[in-house]
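Have a look; sequence and predicted model below, questions after that.
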Amino acid sequence: MFVFAQIGEMKRLHYKMVTVSGEKGCVEGVISDKTAKHWRATLGQCYDVNCIHYRGSIKLPFCCEITGYSCNEYI
């Protein structure tokens, strides 16, 4: 299980571009590089790709808190 592999690893902010109900968006969270690779996430934050309209956050059990933003355009 990759979730338990995060224990003790350095965690950094990563983001991933998503589309929800036809709306372009981005989700970000503080996760390990190993988990980011598993989820195909990129090091950085949603702000880096012009996604700044806060849409909410959710706590993923045994992982982290993920925050979502909507975007005007992908970069």
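Everything's here; your move.

Please count neighbours and contacts with C-alpha atoms only from this point.
Fine.

Spatially central residue in this protein, please.
Residue closest to the mean C-alpha point of the chain, counted by Cα atoms, centre = their mean, is residue 28 at 2.5 Å.

mind checking how far the host helix or strand of that residue is from the chain centre?
If you go by DSSP states H and E, residue 28 is part of strand 23-32. Chain-centre distance of strand 23-32: 2 Å, with Cα atoms, centre = their mean, to the nearest Å.

Okay, now the sheet partners of it, with direction.
Note on strand 23-32: by DSSP bridges, its sheet partners are strand 11-20 (antiparallel), strand 64-70 (antiparallel).

contacts for it?
Identification of contacts with strand 23-32 by Cα atoms under 8 Å, 6 or more residues apart in numbering yields 6, 9-19, 45-46, 51, 63-74.

Of those, select the buried ones using a ChimeraX command.
Only the buried entries of the contacts of strand 23-32 go into this ChimeraX selection, using 16 or more other Cα atoms under 10 Å:
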select :6,11,13,14,15,16,17,18,45,46,51,63,66,67,68,69,70,71
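
quick one: which of the strands paired with strand 23-32 is nearest residue 39?
For residue 39, the closest of these is strand 11-20, at 8.3 Å, according to Cα to Cα.

Could you list the buried residues of the strand holding residue 28?
Result for strand 23-32 [16+ other Cα under 10 Å]: buried residues 24-32.

likewise stretch 51-59?
For stretch 51-59, a neighbour-count test (16+ other Cα under 10 Å) marks 51-52 as buried.
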